[in-house]
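> sequence first, predicted model second:
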Amino acid sequence: MKRWGLITTLMAATVCWCGLTHQHASAAQQYYANFNQNSVANPPELQSGNGLTPTNQPATTVGSIPPTVVYNGKFNQTQYQMDQQNPSHSYTDQQGTTTFNTDYYLPNGFHVDSREYGNYQSSAQIGDNMYFVESLGDKVKQGAIAKYNTTDLTNLGVLGGNGDGRDLIWKAYTYTSPYTAYGQANLKLAANYQSVLNDAQNSDNDSQNAVQNASAQVASDQQDNQAYQAALQKITNAADQYAAKVQSALVKQRLFNAKITKRLAASNYVAYFNQVTATSLKTANQVTTKRKQVVKRLRKAKPAQRKALMKQLKQLTGRQTQLRATVKAAKVALKQFNQGIGKRYLTATQNVNDSNQLVNQDQLDVQTAEQNVTHNVQSLEAEHAQYLKYMAIVDAAQVSPLLNIGHGQTLSYNPVTQNLYLVQDDTLANLPAGGTNTITEINPTTLQPIKQFNFPLINGNANYSINTLTFDTAGNAYFGRKESVVEAGQKSFSTYQIYKGTLNETTGAANFSAVPQNINWGGYSNQNLDYDAYNNRMYIVSDNIITSVPLDKLVAGTLQPSDVHYMSFGINREFEDLSFDAQGYGYLLTLWSPEVMKSQAPLD
C-alpha cells in the first residue's frame, strides 16, 4: 500500500482541527488528523465572504412525478466469506431501463485505523484511476482517501475475465488486516515464513525417510516371504506324496474312511486322522455297549434264539476289532507324520504365516509413516503464494494517512484544474452563524492538499452547508440541497434544489446561485450529486433512487417533466455515490457491505 513520502511520522495523539481553540488551525492541521508540521508543507488558506447570490425569483418545480420508494433507514447487510467465491449481485431498476452488476467489493477498510468498518461515503473517477473516501463515522469525522488504478486491478485479476476476481480486494485486506486476530496470524506467518518453511521441510524430510525405511523393510520381508513360500511349496509336494502312499496302504487294509475325505494330502492329513480317531473311538464305545447287551441276552436266551444272537455277537466283535485297528493305524500314521515330514511341513507353514503377518505389519508401518508426512511444505508454499497475491493487491492501492474528512460525503474532480476537491463537512444541517464551508483542493497524484477554500453561503438567516459537490467540463461547480416541505403537519423532502457556481483558484471566492428550477426527486437522503460528461446529465443520488436531468436545460431553466429520468430500486442497499467513465458507464458505490457496481450500459 503506497503511503505518502512526506508523511513519515504519525503522531500517536489525534489532533482534530475543530478542537484547537487557542490558535487558528492551519489548512494542513485541518486536513491531517495526525499533523506533523516538520514533515508537511502547509497549503494556502483562501478566505472569502458570502458565496451565495440571492435570486430575484423563487425557483419553479418541474412537474415530473417520481416513483415511490421505501426508505426506513435500515439496510441489508451482506456478509462475505474468505473460503469461497462470493456472489455477484445484479439489480435492475423498477423502470426496466438500467441494470447494475457487481464490479468489485471494497474492503472493510484500507488499514488506516482500527476503527474502520467498511463505511465509504464518496468516490471519483479520473481516467483509469478510482478514488474512494473511507469514513470512520460521523462521530469521529475522520477517514482516508484510497486510490486504485483499474489497469493495475485488471493485471492483478480483480477486474476482467468472468468476474471471479470481484472479491479479491476485500479478501486481500481481510487477510492482511493488522486489526484482527485472523489478519495478525497471517502477517505473523508471512513474517516467519522462511523459518516455518524450514521446520516443515525438516519434519517432512524425517517423515519421508521413515516412509523409505519402512518401504525398504517391506521389500526385505517380502523377499524372505517368497523364500518361505518356495520352501513350503517344496515340502508340501513331498508331504502330499507321503499322504497319498499312506492313503493307499490304508485302503488296502480297509482302514481308510472315504466319507471324511476323498483324498489325503498334507493340508488335511492331521485333521483327517484326528477325526478318524475320534469317530472310531466313539463308534467303538457304541459297539462295546451293544456287545455287552447281546452277551447279557445270550445268557438268558432259549436255544432257538441263541443262533441269531451268536451271529450278532460275532459281527460286533469283528467290528470292534476293526475299529481298534483303525484307531491304532491312525495313531501310528499321525505319529510318523508329525515326527517326520509333517513336522517339516508344519514348520514351513508356520514360517509362511509368520512372514505374512510381518509383511502386513510392515505395510501398516508404511501407511503410518506416510500419514506422518504433513505436506506442510506444499500448504505453506500455497499459503505464501496467496499472501503475496493479496499483498500485491494491497500494495497497488495508494492510501492517504488519516484525514479530517468531516462527513466525507463528497470527493469530486474538476477537469479544468485536474484536481480533486474534498468537502470537509462537519454537519448535514445548516452552518451556525459565522461558520464557513471548508473545501480542500487535492493533488490526485500525491493525495496531498494544494489549497483550502473557506466561505459561508448565507441566504437570509440561513447559512447553507455544502454536502454535495460536482464539476462540469467547463469547471463550473454545483451543489444540491433537499428542500423541506411541510404537508399535513409532516416534514418531507419532496424537491431538490441545485446551485451552480465557481471557485476562484486565486482568491478563493465562491459564487453560487440557484438554478431556475428545482426537481421532484423522490429521495430522502442527499447522498451525492454527480455529473456525467458523456451525456451531459446531472445525477441526484439517494437511497434506492437516482434522478437525472440534462445539465443545459437545468441551467437554462427549460426542463420539462419528460427530461427528468428516474431509476428506482427496491433492494434496500445504501447508495452513496455514482461516478462515470469516459464511455458513460456508471459506477454505483453501495453499502452494506461496500461494493462498486457497474451499469450494464451507458446511463441516460
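All right, it came through fine.
> so what does the helix or strand hosting residue 234 touch, helix or strand wise?
Using DSSP states H and E, residue 234 maps to helix 193-252. Counting contacts by 3 or more C-beta pairs under 8 Å, 6 or more residues apart in numbering; DSSP states H and E, helix 193-252 packs against helix 269-300, helix 303-339, helix 341-371, helix 376-395. Yep, even glycine has a C-beta here, placed from its N, CA and C like the rest.
> as TSV, those helices with distance to residue 419, mean pLDDT and mean neighbour count would be great.
What follows is the helices and strands packed on helix 193-252, written out as TSV (distance: least, C-beta to C-beta, whole Å; pLDDT from 0 to 100; neighbours: other C-beta atoms under 10 Å):
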stretch	distance to residue 419	mean pLDDT	mean neighbour count
helix 269-300	103	92	15
helix 303-339	108	91	15
helix 341-371	63	92	16
helix 376-395	25	92	16
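> those into JSON lines, with extra columns for distance to residue 517?
As requested, the helices and strands packed on helix 193-252 are exported to JSON lines (distance: least, C-beta to C-beta, whole Å):
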{"stretch": "helix 269-300", "distance to residue 517": "112"}
{"stretch": "helix 303-339", "distance to residue 517": "120"}
{"stretch": "helix 341-371", "distance to residue 517": "77"}
{"stretch": "helix 376-395", "distance to residue 517": "45"}
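> so which of those gets nearest residue 234?
Nearest to residue 234 among the helices and strands packed on helix 193-252 is helix 341-371 (8.1 Å), distances taken as C-beta to C-beta.
> that closest one - contacts with which helices or strands?
Checked by 3+ C-beta pairs under 8 Å, 6+ apart, helix 341-371 has helix 193-252 packed alongside it.
> let me see the mean pLDDT of the helix it packs on.
Throughout helix 193-252, pLDDT has a mean value of 91.
> off-centre distance for that helix?
Helix 193-252 sits 48 Å away from the centroid of its parent chain (C-alpha atoms, centre = their mean, to the nearest Å).
> ok, now how distant is the residue nearest the centre of the chain from residue 284?
For the chain, residue 82 is the residue whose C-alpha lies nearest the centre (C-alpha atoms, centre = their mean; 1.8 Å). Distance from residue 82 to residue 284, counting by C-beta to C-beta, to the nearest Å: 84 Å.
> how confident was the prediction at residue 429?
89.
> hmm, back to that, so the residue nearest to the centre of the chain touches residue 176, yeah?
No. At 11.7 Å, residue 82 does not count as touching residue 176 under the criterion of C-beta atoms under 8 Å.
> tell me the spacing between residue 603 and residue 593.
Look at residue 603 and residue 593: by C-beta to C-beta, they are 24 Å apart.
> also residue 209?
Residue 209 is 49 Å from residue 593, by C-beta to C-beta.
> just residue 435 next, same as before
Per C-beta to C-beta, residue 435 is found 34 Å from residue 593.
> which one's more surrounded, the two?
residue 593 (20 against 15; other C-beta atoms under 10 Å).
> what residue spans form the domains of this structure?
Here the domain assignment for the chain is 44-190+396-599, 200-371, based on automatic domain parsing.
> start to end distance for the shortest one?
Domain 200-371 has an end-to-end distance of 15 Å (C-alpha to C-alpha, to the nearest Å).
> what do you get for the first one?
Between the start and the finish of domain 44-190+396-599 there is a gap of 39 Å, counting by C-alpha to C-alpha.
> could you spell out the sheet neighbours of the helix or strand containing residue 124, each with its direction?
Using DSSP H and E, residue 124 sits in strand 120-126. Sheet pairing here is set by DSSP bridges, and for strand 120-126 it gives strand 129-135 (antiparallel).
> so for the strand it pairs with, what gets flagged as buried?
By 16 or more other C-beta atoms under 10 Å, the buried positions in strand 129-135 come out as 129, 130, 131, 132, 133, 134, 135.
> keeping just the C-alphas, turn it into CSV.
Output in CSV follows, covering the C-alpha atoms of strand 129-135 (Å, rounded to 0.1, in the frame of the first residue of the first chain):
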residue,chain,number,x,y,z
ASN,A,129,-8.0,5.9,-11.5
MET,A,130,-10.7,5.3,-8.9
TYR,A,131,-10.8,7.3,-5.6
PHE,A,132,-12.8,6.4,-2.5
VAL,A,133,-13.4,8.3,0.7
GLU,A,134,-13.4,5.9,3.7
SER,A,135,-15.1,7.2,6.8
